[in-house]
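A.B. asks: predicted model, plus sequence, below.
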Amino acid sequence: MHHTLSPEFIEECRQELVELKTHLLNRLSYLRNELGNIERQCSEEGDLSTTQVAEHQIYVNHRRLRYLLNEVEEALKRIEEGTFGYCEETGEVIEKERLKLMPYTRLSVEGAEIRDTRRQFIG
């Protein structure tokens, strides 16, 4: 049985994605400011090891946020193109509950299991 997502539900997801994008951009801006603060402190105090640990943590967070931001932007693009809510693995509509939790997801539960299984065998 082939379900479709209502235009109202897709609009809810779009709004959620726009809010998430704003939040991510704010977090990224905050991290850039933090990095600047750390670099200033290092030049004043000269404690390189503490600075490197803090910079690494910011770098890890920054990468994670950039990845998530990219996923959000791709989901917004799929809404514009009319392909939002379809699993990249199975072609079926992604579960509404899953989209509510992760409106940027590209995979249904089944599609995610297929991809995880493939990764285990291929590496």
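C.D. replies: Okay, I see it. Numbering: from 1, shown residues only.

A.B. asks: what sits against N33?
C.D. replies: Contacts here follow C-beta atoms under 8 Å, 6 or more residues apart in numbering; on that basis N33 touches nothing. For glycine as for every other residue, the C-beta is placed from the backbone atoms N, C-alpha and C.

A.B. asks: what helix or strand is the residue positioned nearest the centre of the chain located in?
C.D. replies: The residue lying closest to the centre of the chain (C-alpha atoms, centre = their mean) is L68, at 1.9 Å. If you go by DSSP states H and E, L68 is part of helix 48-81.

A.B. asks: hmm, back to that, can you tell me how far the residue nearest to the centre of the chain sits from E8?
C.D. replies: Look at L68 and E8: by C-beta to C-beta, to the nearest Å, they are 25 Å apart.

A.B. asks: that older thread, residues touching the nearest residue to the residue nearest to the centre of the chain once chain neighbours are set aside, list them.
C.D. replies: Once flanking residues are discounted, L68 sits nearest to L24: 6.0 Å by C-beta to C-beta, 6 or more residues apart in numbering. For L24, the contact set (C-beta under 8 Å, 6+ apart) comprises L65, L68, L69, V72.
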